[in-house]
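**Q** Whatever this is, show me its structure:
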Amino acid sequence: LATLTATYESQLVVLNEQMDAIRAKIKHQVTFDTKGVAGDEYQGFIASEAQVISAPTSPERAGYEFLGWYADVDGKIVNFPYTVLSDVAFEAIYRPLTYTVTFNANGGSGTMAAQEFDKNVAANLDANVFTRDDYEFAGWNTKADGTGTSYDDAASITLTESITLYAQWTSTAATKYYVT
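**A** Presented below is the predicted three-dimensional model:
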């Protein structure tokens, strides 16, 4: 029984060595599409059949968060290490970084939902819906007292960080004069 097991195991070792030799001769193209991010680590290469590869450094794209590598073979984001069994093209998947504008009524009433903006992409602010008795809406400011950066209603802005905009108000109440 010991001789039979040893023979079986040695044949298995020989078979595995032959499979490794065959796999080494089979080659596959591996490519990485970074969507415009340059770098030597993203150059394609030739991999042997069943070669296990690691992911390159995560590409850094301004205004985006890197989510992972999508493989055209699997149709989903790939977990590395990855075993190459055919030609494979990896594509970087990104999500735009977003910033939030929070609207503060600053003495007024009503509600406005926060608004999301993609980083470094111009977009218009939502129009004001706050109200205040005896006041007229006069625009937005990054400081409640109006000493910050001012924005017109529905202005086009580009964000590099999240901000709070405070409604600015101008009194419309009639001035009362008393004669004594």
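**Q** now the residue nearest to Val30 when sequence neighbours are not counted: how far from Asp133?
**A** In this structure, Val30 finds its nearest non-sequential neighbour in Ala47, 5.0 Å apart by CB to CB, 6 or more residues apart in numbering. All C-beta atoms are positioned from the backbone trio N, CA, C, and that covers glycine. Distance, Ala47 to Asp133, by CB to CB, to the nearest Å: 71 Å.
**Q** Over to Thr83?
**A** Distance from Thr83 to Asp133, by CB to CB: 69 Å.
**Q** And Val179, by the same measure?
**A** Val179 is 27 Å from Asp133, by CB to CB.
**Q** who has more neighbours, those two?
**A** Asp133 (8 against 3; other CB atoms under 10 Å).
**Q** Could you grab the helix/strand/coil label for that one?
**A** coil (DSSP: H, G, I helix; E, B strand; the rest coil).
**Q** helix or strand right after the worst-scoring helix or strand of the chain on mean pLDDT?
**A** Across the helices and strands of the chain, mean confidence by mean pLDDT, DSSP states H and E is lowest for helix 2-25: a mean of 62. Remark: after helix 2-25, the chain's next helix or strand is strand 27-33, criterion DSSP states H and E.
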